[in-house]
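In: task: produce atomic coordinates for the following.
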Amino acid sequence: MKKKILLCLIAQLICWSIMTLSDYVEETYNDSYNLVVVFAVPLVCVILYIIFRKWIYDNQIVRLKDVAIICAAWMICGLILGFLIGVLVTNEMWIVPQATGGWEHFLNGIEYMMFAITLAGIPFVAVVLIESVVGIVKAVRKRA
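Out: Predicted structure coming up:
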């Protein structure tokens with residue numbers, strides 16, 4: 001169980017580091033690829049989950065309890081990090097300074113909130129769907 005929670009925390013930290021680096025590039029060089037990162041990083045997490053699924057569960061039978069632990073750990077780590085980083089961004093205390101003033105900067109920093117939502121939601125839904133499909137396929141194979 002500790003391994004699963006640690007994996008979720010490490011993955012979340014890596015994802016938030018990529019997001020922060022992307023925001024730094026956007027704020028410094030005025031690139032607009034940050035929105036791509038907001039959706040691409042959670043999708044990459046799903047792909048990595050599919051690839052390393054057997055290793056995460058130690059090649060054992062995946063139980064509902066294991067999936068619940070992974071999903072809960074992912075959501076809790078994501079919500080805590082998202083809240084903390086969101087507060088820092090809003091109060092202009094984050095390591096990437098946000099441009100302020102004027103209408104063009106009115107919602108600057110909102111990409112962190114969008115990222116928190118997509119990082120929590122997309123992998124969570126994907127894990128539930130993947131494990132549901134795997135369970136259905138195994139049940140159908142047993143009956144056949």
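In: what's the helix or strand of the chain with the lowest mean pLDDT in contact with?
Out: Least confident element among the helices and strands of the chain, by mean pLDDT, DSSP states H and E: helix 53-56 (a mean of 80). Outside helix 53-56, the residues that touch it by C-beta atoms under 8 Å, 6 or more residues apart in numbering are 4, 7, 49, 62, 70, 130. In this view, the C-beta of every residue, glycine as well, is placed from N, C-alpha and C.
In: could you check how many residues crowd around the closest residue to the fourth one other than its chain neighbours?
Out: On the basis of C-beta to C-beta, 6 or more residues apart in numbering, the spatially nearest residue to residue 62 that is not a chain neighbour turns out to be residue 131, at 6.2 Å. Here the number of neighbours of residue 131 (other C-beta atoms under 10 Å) works out to 21.
In: assign residue 92 to helix, strand or coil.
Out: Secondary structure state of residue 92, per DSSP: H, G, I helix; E, B strand; the rest coil, is coil.
In: what does it show for phi and psi?
Out: Here is the backbone geometry of residue 92 (degrees, to the nearest 10): phi 60, psi 40.
In: where's it relative to residue 133, distance?
Out: 44 Å (C-beta to C-beta, to the nearest Å).
In: quick one: which of the contacts of helix 53-56 has the most company?
Out: residue 70 (24 neighbours).
In: if we can go back for a sec, so the residue nearest to residue 62 is in contact with residue 68, correct?
Out: No: between residue 131 and residue 68 there is no contact under C-beta atoms under 8 Å: 10.0 Å.
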